[in-house]
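K.L.:
predicted model and sequence below, questions to follow.
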Amino acid sequence: MFEVKWLWKNLEGNRARYILALCLSVIGSSLTIANPYLSQRIVDTFIAGDDAVQNLTGKRGLLIALCLGMIGFSLLRTGLAYVTMMQYERASQNMLYNVRIFLYNQIQRQDREYFDRNRTGDQMTRMTGDLEMVRHSLAWIVKTIVESLTIFIAAVSYFFYIDAALTWWLLLLAPPIFVTAYLFAKRVRPMYVGLRERLSQLNSSTQENIAANRVVKAFAREEYEIEKFRERNANYQQANKAAAMVWLDYFPYLESFAQAFNVVLMIAGGILVMNGRITFGEFAAFSALIWAISNPMRNIGMIINDIQRFFASLTKVVEIYYAIPKIAGGRKTGAGERFEGSIRFDRVTFKYDSATVLSDVSFTVNPGETVAIMGPTGAGKTTIVNLIPRFYDVTEGRVLIDGVDVRELDLGELRTNVGIATQDVLLFSDTIDGNVAFGDPELPEDDTVKYAKLAAAHDFIRKMPEGYDTIIGERGVGLSGGQKQRLALARAMAVARPILILDDTTSAVDLETEAHIQDSLNRLEAPCTKIIIAQRISTTAKADRILILDAGRVIEEGTHAELLARRGYYYEVFMLQNEGIERQVAANG
């Protein structure tokens, strides 16, 4: 029942059209008995009746009228079928469009944890194949059920009108057909749930392989990936075959029962004709309409097949449809108000599942201050910057911006005050200008160039085939790591937010370019609080303060000079990097 309510809810705006389609289906299917009735009249009056010869000469007008009636009803049913199908298609396609937009918006609203737990390929399957199955169910399966049921009722009613005894003989076959269909449905439903999961795995494997194609080629793992894809494709094929074999197990029984209607009609109907209980025309009407009973019975298996697919697909669609993000927006502090940019971590602890990533972290960043964060891999550096725009929520403690807990701020307002260049650079398949101006589509071209220069990207952009209008490939394919980092940095600076987060965004550039970027960051026109994650001393040395993280805790804090004087982790990194530079200079000399 939930499925029907869900479909009805999402038909809003198209309900009248869909109800019209259902009514037309009922009307068109009811007209099925018209031609058998007219043919009965023709047979009894002009072919097999006692006065058939006399009627052929005396009632020729009636014969012509009956023949024209059969032609007219055939044309009417054809026209109704066309109009009906158009209404079903329009209603279902409109619903599909609306639901897909809603699901896309739902996915956009989800937090990072949702994407950590759900595969991209699975989401693509839900947005395409699963939604199409829902649309197919609305446009075709429901139509088939309504029409089959109407035709069955109309035919049985007409048969009872002609002769109840013969009708009961035919209906004796209905119970075993329904039992067979029920057993089939019970057995096949879990198989389609598994089939849907294997399709999701296949799509996920395909998506991951295409996205990581450069890595696959770099490690010469094409054969391994092909074999992995072949294995998942084989699993999906086997699941499909298994479901098909179940259908084939029950199909002979359903088909035999459906064909048995003709056998019962010939035996029982023939006896009744010989006994004179029914006329030859009435027997002809039974023969002409026997398909109206056998076909719906025959279609039960296929309908159940599609319904089970529908249930499996709708379950996946509904998971997104009713997904509630754990991170929800709070109150607005002011319409479009620019933050001052102070940040405070107050005894923050963060756990991912059962693993503690940050433990009792406290520090303050004043407006306009530049704070660098260093530490070994897995220390929790990226987690800290992810908590500021609320990509995740703290487990304990508070993160405050301008003295307000970020959980109380409107998400949109919070994130429009934070500019981010992430560690994992993602560029869109668009022009360079479009990527730099992604955060502000109205950004003037001169400003695009200005921020590209600040990010030391202008020189290589000028050398591109079409300059700033050059379309770069998906995820920046064709650009070096350093070029992608510089474009991401230009994109982050272009929005001129009061808080700027740079997550190891100069790791792939040379020291000269890095020095230019550091100088540009110090000369930004708008006041800006900067949080910089870096591993190079050359990046952190000019920061107002440096935080050293290890195992989710702040173990050192101070300026470049203060940390060197303490002879701790920062000092060790400084010595290692300087020794490396000295060795490199000596080797080059």
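P.N.:
That came through, no problem. Residues are numbered from 1 along each chain as shown.
K.L.:
for Ile531, what is the enclosing helix or strand?
P.N.:
Assigned by DSSP states H and E, Ile531 belongs to strand 529-533.
K.L.:
convert that strand to PDB, retaining C-alpha atoms only.
P.N.:
Coordinates of each C-alpha in strand 529-533 appear next as PDB, following Å, rounded to 0.1, in the frame of the first residue of the first chain:
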ATOM      1  CA  THR A 529      41.400  34.400   8.100                       C
ATOM      2  CA  LYS A 530      43.500  31.600   6.600                       C
ATOM      3  CA  ILE A 531      43.900  28.000   7.700                       C
ATOM      4  CA  ILE A 532      46.700  26.300   5.800                       C
ATOM      5  CA  ILE A 533      47.500  22.600   6.000                       C
END
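K.L.:
neighbouring strands for it, and are they parallel or not?
P.N.:
Within its sheet, and counting by DSSP bridges, strand 529-533 is paired with strand 370-374 (parallel), strand 499-503 (parallel).
K.L.:
quick one: closest of those to Leu172.
P.N.:
Within those, the stretch nearest Leu172 is strand 499-503; the backing value is 74.3 Å (CB to CB). Any C-beta I mention is one placed from the backbone N, CA and C, and that applies to glycine too.
K.L.:
and the helix or strand that the closest one is followed by, how far out from the chain middle?
P.N.:
Taking DSSP H and E as the definition, the helix or strand that follows strand 499-503 towards the C-terminus is helix 511-522. Distance of helix 511-522 from the chain centroid (CA atoms, centre = their mean, to the nearest Å) equals 41 Å.
K.L.:
returning to what we had before: which strands and helices sit next to the helix or strand just after the strand holding Ile531?
P.N.:
Tracing the chain past strand 529-533, the next element assigned as helix or strand by DSSP H and E is helix 537-540. The contact analysis (3 or more CB pairs under 8 Å, 6 or more residues apart in numbering; DSSP states H and E) places helix 537-540 against strand 370-374, helix 511-522, helix 569-588.
K.L.:
hmm, back to that, residues in contact with the strand holding Ile531?
P.N.:
341-343, 365-374, 381-382, 384-385, 388, 423, 498-504, 521, 539-540, 543 (CB atoms under 8 Å, 6 or more residues apart in numbering).
K.L.:
got the angle for it vs helix 511-522?
P.N.:
With axes from the mean of the first three to the mean of the last three CA atoms, to 10 degrees defining the directions, strand 529-533 sits at 150 degrees from helix 511-522.
K.L.:
show me where this structure has its strands.
P.N.:
For the chain, the strands defined by DSSP state E occupy 343-352, 355-365, 370-374, 396-401, 404-405, 418-421, 499-503, 529-533, 545-550, 553-558.
K.L.:
got TSV for those strands, with distance to Asn118 too?
P.N.:
As requested, the strands of the chain are exported to TSV (distance: least, CB to CB, whole Å):
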stretch	distance to Asn118
strand 343-352	16
strand 355-365	20
strand 370-374	29
strand 396-401	25
strand 404-405	28
strand 418-421	22
strand 499-503	23
strand 529-533	27
strand 545-550	29
strand 553-558	31
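K.L.:
quick one: closest of the strands paired with strand 529-533 to Arg398.
P.N.:
Go through the strands paired with strand 529-533 one by one with CB to CB and the one that ends up closest to Arg398 is strand 499-503, at 16.6 Å.
K.L.:
that closest one: how far from the chain's middle?
P.N.:
Relative to the chain's own centre, strand 499-503 is displaced by 31 Å; criterion: CA atoms, centre = their mean.
K.L.:
just the angle between that strand and strand 396-401, please?
P.N.:
Using the same axes, to 10 degrees, one finds that strand 499-503 and strand 396-401 are set 120 degrees apart in direction.
K.L.:
leaving out sequence neighbours, find the closest residue to Leu149.
P.N.:
Taking CB to CB, 6 or more residues apart in numbering as the measure, Leu149 lies nearest to Pro296, with 7.1 Å between them; neighbours along the chain are not counted.
K.L.:
the one you found is in contact with Ile145, isn't it?
P.N.:
No: counting by CB atoms under 8 Å, Pro296 sits too far from Ile145 to count as a contact (9.1 Å).
K.L.:
neighbour count: those two, which is higher?
P.N.:
The residue with more neighbours, out of Pro296 and Ile145 and counting by other CB atoms under 10 Å, is Pro296; that gives 23 against 18.
K.L.:
what does the pLDDT read for the more buried one?
P.N.:
We note a pLDDT of 78 for Pro296 in this prediction.
K.L.:
one more: Gly478?
P.N.:
pLDDT recorded at Gly478 is 66.
K.L.:
buried residues, stretch 11-28. List them.
P.N.:
11, 14, 17-18, 21-22, 24-26, 28 (16 or more other CB atoms under 10 Å).
K.L.:
ok, now stretch 263-276?
P.N.:
Neighbour counts over stretch 263-276 (16+ other CB under 10 Å) mark 264-265, 268-269, 272-273 as buried.
K.L.:
now do stretch 85-101
P.N.:
Within stretch 85-101, the residues that qualify as buried by neighbour count (16+ other CB under 10 Å) are 85, 87-89, 91-92, 94-96, 99-100.
K.L.:
nearest to Asp510 among these?
P.N.:
Ranking the buried residues of stretch 85-101 by separation from Asp510, with CB to CB as the measure, puts Arg100 on top at 45.4 Å.
K.L.:
for the spatially most central residue of the chain, list the residues it contacts.
P.N.:
Closest residue to the average C-alpha location of the chain: Met127 at 2.8 Å, with CA atoms, centre = their mean. By CB under 8 Å, 6+ apart, the residues touching Met127 are 100, 103-104.
K.L.:
what mean pLDDT does stretch 37-46 have?
P.N.:
Mean per-residue pLDDT for stretch 37-46: 80.
K.L.:
what does it contact?
P.N.:
Residues external to stretch 37-46 that are found in contact with it (CB under 8 Å, 6+ apart): 49, 51-52, 55-56, 59, 62-63, 66-67, 69-70, 73, 158, 279-282, 284-285, 288.
K.L.:
out of those residues, which sit inside helices?
P.N.:
Secondary structure of those is defined by DSSP state H; positions in helices are 52, 55-56, 62-63, 66-67, 69-70, 73, 158, 280-282, 284-285, 288.
K.L.:
give me the low-pLDDT residue ranges for the stretch 301-450 of the chain?
P.N.:
For the stretch 301-450 of the chain, the stretches with pLDDT under 70 are 301, 329-336.
K.L.:
one more pass at 80, please.
P.N.:
For the stretch 301-450 of the chain, the stretches with pLDDT under 80 are 301-302, 304-306, 308-309, 327-337, 353-354, 422-427, 429.
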